[in-house]
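# Quick one: sequence plus predicted model below, questions after.
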Number of protein chains: 2
Amino acid sequence: MRNAEFDRAQVLRGAMAAFMRKGYTKTSMQDLTQATGLHPGSIYCAFSNKRGLLIAAIDQYQQDRNEQFKLIFSNTRPVLNNLKNYLDNVVVECVSCDSQQACLLTKALNEIAEQDDEIQHIISQNLQLWQNALTAQFELATSQGILQGELNSEQRAQYLMMGIYGLRTFAHTHPQAEILQQLANKLFDDVCR
Amino acid sequence: MRNAEFDRAQVLRGAMAAFMRKGYTKTSMQDLTQATGLHPGSIYCAFSNKRGLLIAAIDQYQQDRNEQFKLIFSNTRPVLNNLKNYLDNVVVECVSCDSQQACLLTKALNEIAEQDDEIQHIISQNLQLWQNALTAQFELATSQGILQGELNSEQRAQYLMMGIYGLRTFAHTHPQAEILQQLANKLFDDVCR
DNA sequence: CCCATTCTTGAATGTACATTCAAGATATTA
DNA sequence: TAATATCTTGAATGTACATTCAAGAATGGG
């Protein structure tokens, strides 16, 4: 008889930002009411509780990132150019030092790992989809004869994921663009080797 | 007129373990009294507060890891063997999935980054010492003519640090020894390239 | 062996938090 | 426009937490 007034995606993006800034535990419901513009009652009505809001935010994050991924890879340029652009984009995010540009999945994974099996599973699954998408790109490059070497596409994707995780953590101590870009360049070379 | 009864190092190792298991925020003082065997009053007397206990625990962690580092590198075997052993050791820690085997520095860095400047600074400094020690090993190998290529020793150390950070995060989603060892092997190759 | 000093104990304190709920507001339907 | 269903509001609730503190215990010097 009456529809909710808020825009679910916008609310979840606000929650995302809050969780990325302070981490799940340290983010209070008060932070979340501010970040989402919703009153506590509305949050509990729509997402059950703080944990439910995190799960919904992770889902929205995955959708948003998937759009971005498609944007980078859906074109006719050479696959390796797209991959390099993708990695350079990660570097830009790291350099900005803007906590909103962090990766919600890895942030939550590092915080919650071994504490909440269900959330850990959700995050792992999302990261796996991610890795699969990268594997597909490497597979494409291989089928085009662009990539050679001992590694298969899955191994390349795993190594790239590992490198991106590492880059994001490393950036906390060395936020200089030059250093990060250099590491990313070598990572790209090594992945393609 | 009277000495403290507890063994400071042991107390701090208990606190370390607690912080590594749950993270700083989620670890309650009750957890810490259990983990350290100390009553709240004693903790506050010795370390001011929970934050002070974390800082002291980080310091103890650094000392302990430094001992371990020396143990691995203080011998007459080839430098690169030692480096490989060191990396393999990280893999073993990752595989165990034992949260006590995590790295307190990276765990705290990922949680607290951009939230507590002083702690961030302490962690960064400790990680830098770490990186410097690795740089020295690469420098040694280079001076022995074992390492060639475009990279300088600092760049190699940075790349290795990045890789280790990445490996630790990646292990949360892929704790299989085989996969992690494969990634570590390639990382070592690429670092030495 | 007693005194002075320091350490230990753990219950008490106040605060900050996640969550609930009942009253009020608003939209849709008839 | 009236009735009804649903959403919104934000103060109230109980809990869990970090921290304090005063009483008690233990040590070593004299």
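Perfect, I can see it now. Worth saying up front: this structure is predicted, and the values here are computed from it rather than measured. Residues are numbered from 1 along each chain as shown, chains lettered A, B, ... in the order given.
# Now the residue in chain A that DNA strand D sits nearest to: which helix or strand?
Nearest residue of chain A to DNA strand D: A:G41, at 2.1 Å (Cβ to the nearest atom of the strand). For every residue, glycine as well, the C-beta is placed using N, CA and C. A:G41 is part of helix A:40-47 when elements are defined by DSSP states H and E.
# Could you find the closest non-adjacent residue to A:Q100?
In this structure, A:Q100 finds its nearest non-sequential neighbour in A:A17, 4.8 Å apart by Cβ to Cβ, 6 or more residues apart in numbering or on different chains.
# element containing that neighbour?
Assigned by DSSP H and E, A:A17 falls in helix A:8-22.
# same check, this time on A:V91
helix A:79-96.
# So which other helices or strands are in contact with that helix?
Judged by 3 or more Cβ pairs under 8 Å, 6 or more residues apart in numbering or on different chains; DSSP states H and E, the packing partners of helix A:79-96 are helix A:50-73, helix A:117-143, helix A:153-173, helix A:177-192.
# Tell me who's in contact with the residue positioned nearest the centre of chain A.
Centroid-nearest residue in chain A: A:C103, 4.0 Å away (criterion: Cα atoms, centre = their mean). Residues near A:C103 by Cβ atoms under 8 Å, 6 or more residues apart in numbering or on different chains: A:R168.
# what's the answer for the one 5 residues further on, then?
With Cβ under 8 Å, 6+ apart as the criterion, the residues that contact A:A108 are A:19, A:24, A:54, A:58, A:119, A:123.
# now do A:C97
A:C97 neighbours (Cβ under 8 Å, 6+ apart): A:171, A:175, B:114.
# what about chain A, any weak spots by pLDDT?
Within chain A, the stretches falling below the threshold (pLDDT under 70) are A:1-2, A:4-5.
# how does it divide into domains?
A:1-57, A:75-192 (automatic domain parsing).
# ok so, going back, what is the subsequent helix or strand relative to the helix holding A:V91?
Helix A:79-96 is succeeded, C-terminally, by helix A:104-112 (DSSP H and E).
# from the middle of its chain, how far away would that following helix be?
Relative to the centre of its chain, helix A:104-112 is centred 10 Å away, using Cα atoms, centre = their mean, to the nearest Å.
# Quick check, A:L87 in contact with A:L183.
No - between A:L87 and A:L183 there is no contact under Cβ atoms under 8 Å: 10.1 Å.
# out of the two, which sits in the more crowded spot?
Ranked by neighbour count (other Cβ atoms under 10 Å in any protein chain shown), A:L87 and A:L183 place A:L183 first, with 24 against 19.
# Excluding sequence neighbours, find me the nearest residue to the more buried one.
Nearest to A:L183 is B:M162, by Cβ to Cβ, 6+ apart, at 5.6 Å.
# Could you report the separation of that neighbour from A:L167?
Taking Cβ to Cβ, to the nearest Å as the measure, B:M162 falls 6 Å from A:L167.
# Next, show the common contact partners of the two.
Residues touching both B:M162 and A:L167 by Cβ under 8 Å, 6+ apart: A:183, A:187.
# The two: which has the busier surroundings?
Using other Cβ under 10 Å, the more surrounded residue of B:M162 and A:L167 is B:M162, with 29 against 23.
# related to what we said a few turns ago, can you lay out the contacts of A:A108 as CSV showing neighbour count and distance to B:L134?
As requested, these are arranged in CSV below (neighbours: other Cβ atoms under 10 Å in any protein chain shown; distance: Cβ to Cβ, whole Å):
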residue, neighbour count, distance to B:L134
A:F19, 28, 33
A:Y24, 24, 32
A:L54, 24, 36
A:I58, 21, 35
A:I119, 19, 34
A:I123, 25, 30
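# Output those in CSV; the columns should cover distance to A:N110.
Conversion of these to CSV gives the following (distance: Cβ to Cβ, whole Å):
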residue, distance to A:N110
A:F19, 13
A:Y24, 11
A:L54, 14
A:I58, 14
A:I119, 12
A:I123, 10
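# Turn those residues into TSV, columns for distance to chain B.
Output for these, formatted as TSV (distance: Cβ to the nearest Cβ, whole Å):
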residue	distance to chain B
A:F19	12
A:Y24	9
A:L54	14
A:I58	14
A:I119	12
A:I123	8
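# Tell me the one among those residues nearest to DNA strand C.
Relative to DNA strand C, and with distances defined as Cβ to the nearest atom of the strand, the nearest of the contacts of A:A108 is A:Y24, at 8.8 Å.
# need the residues of chain A near DNA strand C, please.
A:1-3, A:27-30, A:40-41, A:44, A:49-51 (Cβ under 7 Å from any atom of the strand).
# Buried ones among those?
Buried members of these, counted by 16 or more other Cβ atoms under 10 Å in any protein chain shown: A:27, A:50.
# Please identify which of the residues of chain A next to DNA strand C is nearest to B:S143.
Nearest to B:S143 among these, counting by Cβ to Cβ, is A:T27 at 49.5 Å.
# Around A:Q125, how many other residues sit close by?
A:Q125 has 12 neighbours, counted by other Cβ under 10 Å.
# any idea how far A:T142 is from the residue of chain A found nearest chain B?
Nearest residue of chain A to chain B (Cβ to the nearest Cβ) works out as A:G166 at 2.9 Å. Distance of A:G166 to A:T142, computed by Cβ to Cβ: 24 Å.
# quick one, which of these two is more surrounded?
Taking other Cβ under 10 Å, A:G166 and A:T142 do not tie; A:G166 has more neighbours (26 against 17).
# my read: the more buried one touches B:L167, true?
Yes - A:G166 is within contact range of B:L167, at 7.5 Å (criterion: Cβ under 8 Å).
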